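Trainee: return a 3D structure for these sequence lines:
(chains A and B)
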2 protein chains.
Amino acid sequence: MTTVTPKILPATTSATNPPLLISELLESGVRMAGDNQIVYRDLSRHSYTRFQERVHQLAHLLTTQGVQAGDVVAVLDWDSHRYLEAFFAIPMIGAVLHTVNVRLSPEQVHYTMEHAEDAFVLIHPDFVPLLEPLQERLPLVHGYLLCQDEPSELNTTLPLVGEYEALLAEQPTHYDFPTFDENAVATLFYTTGTTGNPKGVYFTHRQLVLHTLTEASTLQAPGFELLNRDKVYMPITPMFHVHAWGVPYTATLLGATQVYPGRYEPEMLIKLLVTEKVDFSHCVPTLLGMVVGAEAIDSGEVDLSGWKVLVGGSPLTQALSRRAWELGIDTRSAYGMSETCPLLTADILPQDINDADFDTQLPWRCKAGLPIPLVHMQVVNEAGEPLPHDGESVGEVRVRAPWLTQAYYKETERSEALWQDGWLHTGDVATLDARGFLQIRDRIKDVIKTGGEWVSSLELENLIAQCPGVAEVAVIGVADDKWGERPAALVVPSDLNAPPESDEIQAFLTQFIEQGKINRWALPSFIRIVDEIPKTSVGKLDKKRIRQDV
Amino acid sequence: MTTVTPKILPATTSATNPPLLISELLESGVRMAGDNQIVYRDLSRHSYTRFQERVHQLAHLLTTQGVQAGDVVAVLDWDSHRYLEAFFAIPMIGAVLHTVNVRLSPEQVHYTMEHAEDAFVLIHPDFVPLLEPLQERLPLVHGYLLCQDEPSELNTTLPLVGEYEALLAEQPTHYDFPTFDENAVATLFYTTGTTGNPKGVYFTHRQLVLHTLTEASTLQAPGFELLNRDKVYMPITPMFHVHAWGVPYTATLLGATQVYPGRYEPEMLIKLLVTEKVDFSHCVPTLLGMVVGAEAIDSGEVDLSGWKVLVGGSPLTQALSRRAWELGIDTRSAYGMSETCPLLTADILPQDINDADFDTQLPWRCKAGLPIPLVHMQVVNEAGEPLPHDGESVGEVRVRAPWLTQAYYKETERSEALWQDGWLHTGDVATLDARGFLQIRDRIKDVIKTGGEWVSSLELENLIAQCPGVAEVAVIGVADDKWGERPAALVVPSDLNAPPESDEIQAFLTQFIEQGKINRWALPSFIRIVDEIPKTSVGKLDKKRIRQDV
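Mentor: Have a look, this model is predicted:
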């Protein structure tokens, strides 16, 4: 990198050159659409104008409870209007929002809350039994604020300071929010790796503002048009997981109607999709599969046509995208990870593909797409050299962008593998094609090496998923004396009473060998029919547990 | 403002937390739409991919000519693909782009080039006669690069280093652009005030990146949908004037097709609008009036329906917006000024207004609109107190945003009135209505005070413009012994051979008194029919010269 000395003029003040703070994201949606709503299940709806007041009230509530700038505040709640208010109020007073992954084991929850040094906790009654046994081992927590949907008595040993709605109602509706350094930490959450304790990932105010502005422009791209003031948005990615991809911030900036479904119960999700006329959601493929597979949808009794879904977390399969299309549901892909805030690519189709028929679009809809503005991306070989954009050369994805976690929180050593040579190493292997579209092939650690050849577990899963009678599939490598490793598959049948035979699936796969899509050595050594496949806390295939089980 | 101490973690590096540099804006459009074109009149067209190479080549060209980071490089060219390349290459090597206002007098051009300390000049042959007599008084300039449309011999005393296209062709197509502080100055230009020398306004890389990201989201808003990858964009606001509202940067980020019309000749503009199928332009009202008033358009011979025009610089009148609508042209308003990069508000109609008929929309289309994200705006009285949002209370507009000029360049004293109490004072008087829409009423210095009452020169112009036979009008205050000041109007008739009588116009205005739109004292003391009204270098009414002339 060259060093140069550009013209820099004498110090600017924070008034003339204001910092990028999350508080800057709150006002524009209110100005554009003060009457648009924030909906919580079938329980409450607030206008944006009222939502803004509630953010100010929550800031007062926290301050009166002794929460100060620099403190870490944990939230354990289902996806709700309260959680959205916490997305804003906690960072806006200079505190750090810790979105606790409530699907972790109690010991892991304790680990993350202790490691984060949480000082104050917002907690839904459903999670009180989780924290009660842990409270003595969380001595830094000086207060618990109860987040109830409806007032009711609760017997608990937790030292509650009161109830969210009741305390909120007592607060003034204007808070004089402070200005501070945009590099202050705004959010913190933990990502579970395959080994060791969860790792903390954190983002600054500056990073979240830049991610939001870029996501806002991206989600409005032509042919995409997922989000704007006139759309209804409902996340089906938990708010504790990378701030639901940052979309609640973006939806607020744009003034979109927002629907928060609480806990993910299929019936409630489908009810809200219909009654609230949801235009746009995002989720992992498993969840989309669950919705389109629900009896009411599959039978055509309930119509979800017009719904647009951005799929990420794991690659969208062609089978699922096609099934959704048959139901009138428009799917696209995006790529990112906890460490990247998360958005890195979006599946904005080239104009000619966008104008083509669905069959032409299908493979493009299942690629991760193009890097969004401000993202630099390379796919590199083991020597770190960028590979050609030929759609075939497979290597690791590495990225630069102004919204990547700077390190794992308080984990200098474990951060060393993340940032190397000035690039964040994603641990994903992928190809880039001639049009610059990224296609994720696998996690580096899930790639199967058999007799010196690489087999993509993802590709194999994608093909097996197309076999009639297969509902879900996971492919892993199993140790083999002769070949080092061999692929093996676990399959959940669509109908547990009439599962496909392992041989039928093998026979189905041979057509892809003839078509040149896979090599003969990629055929699984064995295929096991199972009732269920283990998932991680965010709904991805849990290959670590699958390997242990097999 | 409260002071707090948030959590700031140890130093981030420039790799993990990259600066916001203009180089970041170049790549995404190329990735999204490498085949989309940059068109220059009917003379040339380049793909985005080639455009990117040319930016790298221009960087090499400048470097080989001794241009260094921190140097100021002046451009005197008509709106062109070359100018767009300079928008990127000059700041990207760490130099400062000085967009010279070529409509200033030779003495003012000299003043700005000397004050800016220009070190190198890109010059179109049309401006060679302007600079030849000035060159000895610009001793810091060490080279002039000729920007010709077509190769031809030029006899000049300027020490030319060569011709743009010829020298570009010799350069490598990859330049290793440096990384540096995002607060480095990227652009500089001069704004002409009513008194004294032109004042330099400058913007940093950070400011332009933030302005671009926010403008990108705004121009894609629902009901607005002015700019994206699939649109064709042609500015009709000079590139020397606030970087053509920053839209060339935004269009490049989004990958839109871009058409640069060179010098603004009505025939060429109309030809390009038609042959290139332009979707979106922006301009001052005068220029829109010129286009819709052109014989070919007015007669219906040429069809511009579907063209969207964002109007700024001066308020859009209802008469002009309606005339455009009759021709199928969709107009909206925006507000900003040289000192503000410029975008502050955009006329994104509320959903109910957007769904209504044109007559309902018309007054909204002529308001300046809502503050865009990250902009804070107040309308305040003389004590600096915010006025109610009632659409009636008139006061000065003051703003905060992350893209306002920090000061006038090397003019500490003259900057004092610009920034007061942490707000940039615009010098515009306006109202805010209950929906938060800004409506500019006047420049503070153009407001007419008669017998203790304020009269808006703009409002009176708007009403007189509706009178049959009136093509253009300017209202100023003239000294009056009894009332202090009295309004007076200059009117350019639509037909110079059959001008309206002054009495007819006065009679026409009395209806507005009856309708309560103006007060009796706002009636002009006299109305003078003239052939032409003086304009500033950027096409606004030049009230300073008008006052001198009357």
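Trainee: and residue A:184, how far from residue A:113?
Mentor: Residue A:184 is 21 Å from residue A:113, where distance means Cβ to Cβ, to the nearest Å. Backbone N, C-alpha and C define where each C-beta goes, glycine included.
Trainee: residue A:396 touches residue A:379, doesn't it?
Mentor: Yes: Residue A:396 lies in contact with residue A:379 (Cβ atoms under 8 Å); the separation is 6.9 Å.
Trainee: overlap in contacts of the two?
Mentor: By Cβ atoms under 8 Å, 6 or more residues apart in numbering or on different chains, residue A:396 and residue A:379 have these common neighbours: residue A:430.
Trainee: look at these two and report which has more neighbours.
Mentor: Just comparing residue A:396 and residue A:379: by other Cβ atoms under 10 Å in any protein chain shown the higher neighbour count belongs to residue A:379, 23 against 19.
Trainee: tell me how many other residues crowd whatever residue of the stretch 351-500 of chain A ends up closest to chain B.
Mentor: Nearest residue of the stretch 351-500 of chain A to chain B: residue A:422, at 3.4 Å (Cβ to the nearest Cβ). Residue A:422 sits with 13 neighbouring residues when counted by other Cβ under 10 Å.
Trainee: how about the secondary structure of the nearest residue to it once chain neighbours are set aside?
Mentor: Take residue A:422 and drop its neighbours on the chain: the residue closest to it by Cβ to Cβ, 6 or more residues apart in numbering or on different chains is residue B:15, 3.4 Å away. When classified by DSSP: H, G, I helix; E, B strand; the rest coil, residue B:15 comes out as coil.
Trainee: which residues of the stretch 1-150 of chain A score low on pLDDT?
Mentor: Residues of the stretch 1-150 of chain A meeting the criterion pLDDT under 70: A:1-2, A:11-12.
Trainee: got a list of what residue A:286 touches?
Mentor: Contacts of residue A:286 by Cβ under 8 Å, 6+ apart are A:314, A:472, A:535, A:539-540.
Trainee: for these, which one is nearest chain B?
Mentor: Of the contacts of residue A:286, the one sitting nearest to chain B (Cβ to the nearest Cβ) turns out to be residue A:314, at 23.9 Å.
Trainee: break chain A down into its structural domains.
Mentor: What automatic domain parsing lists as the domains of chain A is A:22-203, A:448-549.
Trainee: which one of the ones you listed is the most hemmed in?
Mentor: The highest mean neighbour count among the domains of chain A, using mean count of other Cβ atoms under 10 Å in any protein chain shown, belongs to domain A:22-203: a mean of 19.
Trainee: how about that one, does it get close to chain B?
Mentor: Yes: judged by Cβ under 8 Å from any Cβ of the partner chain, domain A:22-203 comes into contact with chain B through A:24-25, A:27-28, A:31-33, A:68-70, A:72, A:93-96, A:176-181, A:183-185, A:202.
Trainee: about what we covered before: quick check: the residue of the stretch 351-500 of chain A closest to chain B touching residue A:398?
Mentor: No: with contact defined as Cβ under 8 Å, residue A:422 does not reach residue A:398; the gap is 9.4 Å.
Trainee: where does chain A have its least confident helix or strand?
Mentor: Lowest on mean pLDDT, DSSP states H and E among the helices and strands of chain A sits strand A:453-455, with a mean of 80.
Trainee: can you list phi and psi of the residue of the stretch 101-250 of chain A found nearest chain B for me?
Mentor: Going by Cβ to the nearest Cβ, chain B is nearest to residue A:184 of the stretch 101-250 of chain A, at 3.5 Å. Phi and psi for residue A:184, reported as degrees, to the nearest 10, are phi -70, psi 150.
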